[in-house]
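1. structure here, sequence nowhere to be found:
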């Protein structure tokens, strides 16, 4: 699959089944995904791999945080959860927003690589992603933040692939001319 095709055909997959990538496959994909733009090469993130019965730990934390036992099932929606942990680095050069952008770019690269290799994924967040209960379950340091989970697995073959038409982007583009005036498309 060429890069343009991968970009326009990747979709968030809500129905995921097994199998999921093995640890070795995941490492290989991550080694490619980390080539995303990252000013200062800070790698301001880490991933917590959650598989099998360990998903119940995340589910229990979500249920406690939301005071709704049904929330525990959310962690069982895919065979593999990758908890995305943002680890900002104190740096006079690289502001925190750029570090979040670098983390997001890495996750997007990973989503594209998963898609190219036949896997499905969806980045899920929610109001309880960084709750004290989830933070405790993931053993986050006080300086870290949970940015949610990348749910990963095999796309359910019965679930139809959502077609999303290309958007006319001209309404989102303007040009600064040589006299410093903004020209809209």
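-> Ah, there it is. Note that the structure is predicted; figures quoted are calculated from it, not measured.

2. for this structure, which strand is longest?
-> strand 145-155 (DSSP state E).

3. now do that one: which elements does it pack against?
-> Using 3 or more Cβ pairs under 8 Å, 6 or more residues apart in numbering; DSSP states H and E, the elements in contact with strand 145-155 are strand 16-17, strand 80-86, helix 96-116, strand 120-124. All C-beta spots, glycine's among them, are computed from the backbone N, C-alpha and C.

4. could I get the average pLDDT for it?
-> Taken as a whole, strand 145-155 has an average pLDDT of 98.

5. and for stretch 40-57?
-> Taken as a whole, stretch 40-57 carries a mean pLDDT of 97.

6. what's it in contact with?
-> 20, 23, 26, 30, 34, 38, 58, 72, 75-76, 79-89, 91, 93-94, 99-100, 102-103, 106, 137-138, 144, 149 (Cβ atoms under 8 Å, 6 or more residues apart in numbering).

7. buried residues in that stretch?
-> 42, 44-45, 47-48, 50, 55 (16 or more other Cβ atoms under 10 Å).

8. what pairs with the helix or strand of the chain with the lowest mean pLDDT, parallel or antiparallel?
-> Within the chain, no helix or strand scores below strand 182-184, which has a mean of 90 by mean pLDDT, DSSP states H and E. The strands beside strand 182-184 in its sheet (DSSP bridges) come out as strand 174-176 (antiparallel).

9. quick one on the thing from earlier: deepest of the helices and strands packed on strand 145-155, which one?
-> Mean neighbour count (mean count of other Cβ atoms under 10 Å) peaks for strand 80-86 among these, with a mean of 23.

10. for it, name the packing helices and strands.
-> Judged by 3+ Cβ pairs under 8 Å, 6+ apart, strand 80-86 is in contact with strand 45-51, helix 55-66, helix 96-116, strand 145-155.

11. quick check: which of the ones you listed is nearest to residue 176?
-> helix 96-116 (22.3 Å; Cβ to Cβ).
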